[in-house]
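[1] Everything below, folded, please.
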Amino acid sequence: MSTAAGQLRALAAAHPHLGSPADFFAGLAAMFTGHNREGAALIQRALAAEPPTGPGASDGPRSVQRLAGLGWLGRFGEGHDLGVRRIRALRAQGALGMLPRLLRMTASQDLDDDRWPDAAAEASEALELCDELGQPGHRAEVLGILATVAAYRGEATACRAHADAALAAAERHGQHWARLIALRARGLLALGQGDLVAAVSQFEQVVAVPLARGLRGPTVISLPDLVEALVRLGRSEDAAIRAAEFERRVTNVPDLRVPALVARCRALVGTGPDPGMAYRDALIQHQGDPDSFVVARTQLLYGEWLRRQGQRRSARAELDAALEAFEKYGAAPWAERARGELRASGAVLRSRPQAGLQLTEAELRVALLAADGLTDREICTQLYLSPKTVEFHLGRVYRKLGVRGRTELARRLPGR
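    This is a model prediction of the structure:
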């Protein structure tokens, strides 16, 4: 990839209109090989050369490049908005051929940004379109995304089925990156279930690959998960080695989560005189982080540490905050772990409404568009459904979630 990017940059010297694509692909090559500062600067330059408000910004071919670049730079809110605009434009034109790719890319960014319902809906639709349009090349990563959402929610059967299918598709099409996503999903499922040996086995296969993608690919972001699993197994020396590796690999990565995750790993392995101070530093660094599931995992670990130190009241505050977030996302295994810690701290647990979604795929797609403010007629156009079908699905969504309108619906969907 680096060689091809270099050749493209040489061509761009004689053909200036190739300058932006040359910067973009050279940036990708740099970040894949761990040259984060150089790669981020090149991608940023490519994005700056294509203004987001220019002609074709949301519906031209370059919008795909921009969407990918925003993902690499960790600017997922912008990426989500651009992806949605582009997808809606293509649907309105009846141009379905690009949808599997765009849905895959948007689903990947939404997963990283904790928009699990969006990611699941987009990935499910992408999977259907891959079969209908004869585009099997996108299946492996899409299945890996679905496996990851299922892993976070503790849906073991669905996770294993999606992960197995993703691995088979990745093998068939030679897609090593998608294979790593599926292995990470298996590791997350095992970690949530407390099967730490299996979690370590899966994560070690993923992090052994030298290719990187900042925190937005499986190879680097799996390291904090591996550190946690090793610590819980009592393998403190191995955990410290992996924590140091994580710190090295995220140097100059343009991602707001980096300082918090580095501090969390330091707290887990006891780097420094006071793990509690490292946990508090991690939570300070998390402030303003839209990835509230990641924040909740830090709160869970800090609460567990506080309880072991005999600081039960402080532990309960962290654990209760973590539990609230886990219940909001429907992350069942993580919520149960938080409840167990709260009971061990002497807390009396009160029943509270569960925010986990029990919507069908069709209901979820309608719900997401309604939450974005689309009218019933606009939803009909986007999903090629009749008005009665949209009305039927939306009515079921409202009843299931106990809401009365679009504003309440938007508040009930995780990541909104």
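[2] wait, doesn't Leu133 sit right on Gly97?
    Yes. In this structure Leu133 lies within contact range of Gly97 using C-beta atoms under 8 Å: 6.5 Å. Backbone N, C-alpha and C define where each C-beta goes, glycine included.
[3] How far away from the center of its chain is whichever strand or helix holds Val397?
    Secondary structure from DSSP states H and E places Val397 in helix 387-401. Relative to its chain's centre, helix 387-401 lies at 28 Å (C-alpha atoms, centre = their mean, to the nearest Å).
[4] Now do it: which elements does it pack against?
    helix 361-371, helix 376-383, helix 406-412 (3 or more C-beta pairs under 8 Å, 6 or more residues apart in numbering; DSSP states H and E).
[5] Check which helices and strands the first one sits against.
    Helix 361-371 sits against helix 116-133, helix 376-383, helix 387-401, helix 406-412, with contacts defined as 3+ C-beta pairs under 8 Å, 6+ apart.
[6] re earlier: looking at Leu133 and Gly97, which one has more neighbours?
    A direct count of neighbours by other C-beta atoms under 10 Å for Leu133 and Gly97 places Leu133 higher, at 14 against 10.
[7] mind listing what the more buried one touches?
    Leu133 is in contact with 96-97, 100, counting by C-beta atoms under 8 Å, 6 or more residues apart in numbering.
[8] and what of Thr251?
    Contact analysis of Thr251 by C-beta under 8 Å, 6+ apart lists Asn36.
[9] would it count as being in a helix?
    No. Per DSSP: H, G, I helix; E, B strand; the rest coil, Thr251 lies outside any helix segment and is coil.
[10] quick revisit: can you put the helices and strands packed on helix 361-371 in TSV and add distance to Glu78 and mean pLDDT?
    Formatted as TSV, these follow (distance: least, C-beta to C-beta, whole Å; pLDDT from 0 to 100):
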stretch	distance to Glu78	mean pLDDT
helix 116-133	15	92
helix 376-383	21	84
helix 387-401	27	86
helix 406-412	19	82
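[11] Tell me which of these is the most buried.
    Neighbour counts (mean count of other C-beta atoms under 10 Å) averaged over each of the helices and strands packed on helix 361-371 peak at helix 116-133, with a mean of 22.
[12] Centre of the chain to that one, how far?
    15 Å.
[13] Now do it against helix 376-383, angle only.
    Orientation of helix 116-133 against helix 376-383 (axes from the mean of the first three to the mean of the last three C-alpha atoms, to 10 degrees) gives an angle of 50 degrees.
[14] need the next SSE after helix 116-133, C-terminal direction.
    Next element after helix 116-133 (DSSP H and E): helix 139-153.
[15] on that earlier part again, show residues contacting the helix holding Val397.
    357-359, 362-363, 366-367, 370, 376-377, 379-380, 383, 385, 403-405, 409, 412.
[16] and with 7 Å instead?
    358-359, 362-363, 366-367, 370, 376, 379-380, 404, 409, 412 (C-beta atoms under 7 Å, 6 or more residues apart in numbering).
[17] CA-only coordinates of it, as PDB, when you get a sec.
    Provided in PDB are the C-alpha atoms of helix 387-401 (Å, rounded to 0.1, in the frame of the first residue of the first chain):
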ATOM      1  CA  PRO A 387     -47.500   4.700   4.500                       C
ATOM      2  CA  LYS A 388     -49.500   2.000   6.300                       C
ATOM      3  CA  THR A 389     -46.400  -0.100   6.900                       C
ATOM      4  CA  VAL A 390     -44.500   2.800   8.400                       C
ATOM      5  CA  GLU A 391     -47.400   3.700  10.600                       C
ATOM      6  CA  PHE A 392     -47.700   0.100  11.800                       C
ATOM      7  CA  HIS A 393     -44.000  -0.200  12.600                       C
ATOM      8  CA  LEU A 394     -43.900   3.200  14.300                       C
ATOM      9  CA  GLY A 395     -46.900   2.400  16.400                       C
ATOM     10  CA  ARG A 396     -45.300  -0.800  17.700                       C
ATOM     11  CA  VAL A 397     -42.000   1.100  18.400                       C
ATOM     12  CA  TYR A 398     -43.900   3.700  20.500                       C
ATOM     13  CA  ARG A 399     -45.700   0.900  22.500                       C
ATOM     14  CA  LYS A 400     -42.600  -1.200  23.100                       C
ATOM     15  CA  LEU A 401     -40.500   1.800  24.300                       C
END
